[in-house]
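K.L.:
Provide a 3D model corresponding to the input given below.
(one chain, ligands or ions: 2)
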Amino acid sequence: MATKTVTKINKGLKGSVKIPGDKSISHRAIMFGAVAEGKTTVEGFLAGEDCLSTIDCFRKMGVEIEQNGEDVIIEGKGWGGLEEPSEILDVGNSGTTTRLMLGILATRPFHSVLIGDDSIAKRPMARVTNPLKQFGADIAGRDNGNYTPLSVRGGGTKGIDFHSPVASAQVKSAVLLAGLQSEGTTSVTEPALTRDHTERMLEAYGVEVQRDGLTVTVKGGQTLKARHIEVPGDISSAAFFLAAGAIVPHSEITLEGVGINPTRAGIIDVLIEMGADLSLINERMVGGEPMADLIVKTSSLKGVEIAGNMIPRLIDEIPVIAVLATQAEGKTIIKDAEELKVKETNRIDTVVSELKKLGANITATDDGMIIEGKTSLSGGQVQSYGDHRIGMAMAIAGLIATDEVVIERTEAIAVSYPNFFEHVEQLKN
Ligand SMILES: O=C(O)C1=C[C@@H](OP(=O)(O)O)[C@@H](O)[C@H](O)C1
Ligand SMILES: C=C(OP(=O)(O)O)C(=O)O
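P.N.:
Ligands and ions are numbered 1, 2, ... in the order given. Down below sits the predicted model:
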């Protein structure tokens, strides 16, 4: 297990970094390419552990995938090209791999078994396996199909009209993917708008997708046509440097090629509301997704309230927003964020416990947290608990702490941002 020591930056963070590929979009590019007809090429792929788990699972179903860093070639043979895997499909630490792949497996007329790491084994899957059972898929697992290991026998599915109780793009995506190869029409309605990468990318692969407010509908029997996918930089990874740039004195950072899809860009709105000096330049569209370069400078921040429909737009950024809030004047209240409890860790507990160790004035609530700023953070020993986003949030805290911050279990960071510490070093010079 890796340990990393992070120390205070006095001269500021300066320069430019190219943010690695979006994790959500990279997973989808592989999965959709695997069931599409023809050769899909991907550039800007995130070679993080989660997306590599996705590649590994689809290879085990007979799909030829060549991956060379950020470049991937997928030899898609259509939905029918997927073969019954003779080995267990290991999703590693990745919730996205588990839930989206279940949507694909639900319509495949073969048997498969999914397993992941200790964190995945605690994450609720009934939110996906229940609707997939309604389609007619045969799914079994602990607690009536709520936890891995899960076994699936798919095929013979009929479309459903599903109202999801949780605002989750993984649930929405699993239902839509199952709908594409089920009889009739499938609709999914979510309680709040979540990231729409699936809808955008399916359209790019030639699928007809109907959107009406919070409802998305697809007709069954649709095939995907292979294409070239350019993956924008991940705003969830950029978030760590947006925060660092705003709170480390004397900083000015440019983050190149960041995806700014409005269903994901809540962190930009929150930073602006907090008073951050943040600008967007070179706005452009890449493969149906908006992208820009972001420039952030040291800023004086004030506390904000983050709640309701904003939560799905920045759910993965909350750990680092909590760090930002320790440096903002006044109170920051984060609520309606119960979903944090079922991520790689219970992120309400892990964020609060680790930031408290550094002297933050932070309190856990049932559905979020309250942070009082501005507090000078001290050094200390913290850990990621195997959660990449907690590890990186602690590293950002370390850049402003008065003494060194020792972070345990930093190997988890490779799940979404393998070269994170190289980028920190790059900006120091
Ligand atoms: O669809 C996706 O790619 C993701 C959706 C979100 O999860 P939920 O669908 O559970 O909200 C997010 O937290 C996760 O990192 C990636
Ligand atoms: C929650 C996350 O991912 P996943 O659900 O794919 O494990 C994340 O990346 O913060």
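
K.L.:
all strands of the stretch 251-400 of the chain, in order?
P.N.:
In the stretch 251-400 of the chain, the segments counted as strands under DSSP state E, counting those that start in this stretch are 252-259, 277-286, 289-297, 301-302, 305-306, 328-334, 361-365, 368-373, 380-383.

K.L.:
Over to the stretch 101-250 of the chain?
P.N.:
According to DSSP E, counting those that start in this stretch, the strands that the stretch 101-250 of the chain contains are 111-115, 138-141, 147-153, 161-163, 185-189, 209-212, 215-219, 228-230.

K.L.:
between those, which gets nearest to residue 22?
P.N.:
strand 228-230 (10.5 Å; C-beta to C-beta). Quick note: C-beta positions are derived from backbone N, CA and C, even for glycine.

K.L.:
Packing partners of that closest one?
P.N.:
Packing contacts for strand 228-230, counted by 3 or more C-beta pairs under 8 Å, 6 or more residues apart in numbering; DSSP states H and E, involve helix 23-35, strand 37-43.

K.L.:
So what's the model's average confidence on the helix or strand following the shortest one?
P.N.:
Per DSSP states H and E, strand 37-43 leads on to helix 49-59 as the next helix or strand towards the C-terminus. Helix 49-59 carries an average pLDDT of 98.

K.L.:
same question, stretch 196-212
P.N.:
Stretch 196-212 comes out at a mean pLDDT of 98.

K.L.:
hmm, back to that, distance to residue 319 and mean neighbour count added to the strands of the stretch 101-250 of the chain, as JSON lines?
P.N.:
Output for the strands of the stretch 101-250 of the chain, formatted as JSON lines (distance: least, C-beta to C-beta, whole Å; neighbours: other C-beta atoms under 10 Å):
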{"stretch": "strand 111-115", "distance to residue 319": "26", "mean neighbour count": "19"}
{"stretch": "strand 138-141", "distance to residue 319": "29", "mean neighbour count": "18"}
{"stretch": "strand 147-153", "distance to residue 319": "24", "mean neighbour count": "19"}
{"stretch": "strand 161-163", "distance to residue 319": "30", "mean neighbour count": "17"}
{"stretch": "strand 185-189", "distance to residue 319": "28", "mean neighbour count": "19"}
{"stretch": "strand 209-212", "distance to residue 319": "30", "mean neighbour count": "12"}
{"stretch": "strand 215-219", "distance to residue 319": "29", "mean neighbour count": "19"}
{"stretch": "strand 228-230", "distance to residue 319": "28", "mean neighbour count": "19"}
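
K.L.:
can you put these in TSV and add distance to residue 292?
P.N.:
Converted to TSV, these look like this (distance: least, C-beta to C-beta, whole Å):
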stretch	distance to residue 292
strand 111-115	36
strand 138-141	41
strand 147-153	37
strand 161-163	34
strand 185-189	29
strand 209-212	23
strand 215-219	26
strand 228-230	15
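
K.L.:
Residue 189 against residue 217, yeah?
P.N.:
No - between residue 189 and residue 217 there is no contact under C-beta atoms under 8 Å: 9.5 Å.

K.L.:
which residues does the nearest residue to residue 332 once chain neighbours are set aside contact?
P.N.:
The shortest distance from residue 332 to any non-neighbouring residue, by C-beta to C-beta, 6 or more residues apart in numbering, is to residue 325 (3.6 Å). By C-beta atoms under 8 Å, 6 or more residues apart in numbering, the contact list for residue 325 reads 303-304, 332, 362, 371, 373.

K.L.:
who wins for most neighbours among those residues?
P.N.:
Counting neighbours by other C-beta atoms under 10 Å, the top entry in the contacts of residue 325 is residue 371, with 28 neighbours.

K.L.:
pLDDT score for it?
P.N.:
The model's pLDDT for residue 371 equals 98.

K.L.:
What of the one 3 residues further on?
P.N.:
The predicted structure scores residue 374 at 97 on the pLDDT scale.

K.L.:
quick one, what contacts it?
P.N.:
The contact partners of residue 374, taken as C-beta under 8 Å, 6+ apart, are 326-329.

K.L.:
next one: residue 13
P.N.:
Residue 13 neighbours (C-beta under 8 Å, 6+ apart): 241, 244-245, 248, 251-253, 399, 424, 427-428.

K.L.:
If we use 7 Å, what do you get?
P.N.:
Going by C-beta atoms under 7 Å, 6 or more residues apart in numbering, residue 13 touches 244-245, 248, 251, 253, 427-428.

K.L.:
Phi, psi for it please.
P.N.:
Backbone torsions of residue 13, given as degrees, to the nearest 10, read phi -100, psi 130.

K.L.:
Can I get the strands of the stretch 101-250 of the chain in a markdown table including distance to ligand 1?
P.N.:
What follows is the strands of the stretch 101-250 of the chain, written out as a markdown table (distance: least, C-beta to the nearest ligand atom, whole Å):
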| stretch | distance to ligand 1 |
| --- | --- |
| strand 111-115 | 16 |
| strand 138-141 | 17 |
| strand 147-153 | 15 |
| strand 161-163 | 14 |
| strand 185-189 | 12 |
| strand 209-212 | 15 |
| strand 215-219 | 13 |
| strand 228-230 | 15 |
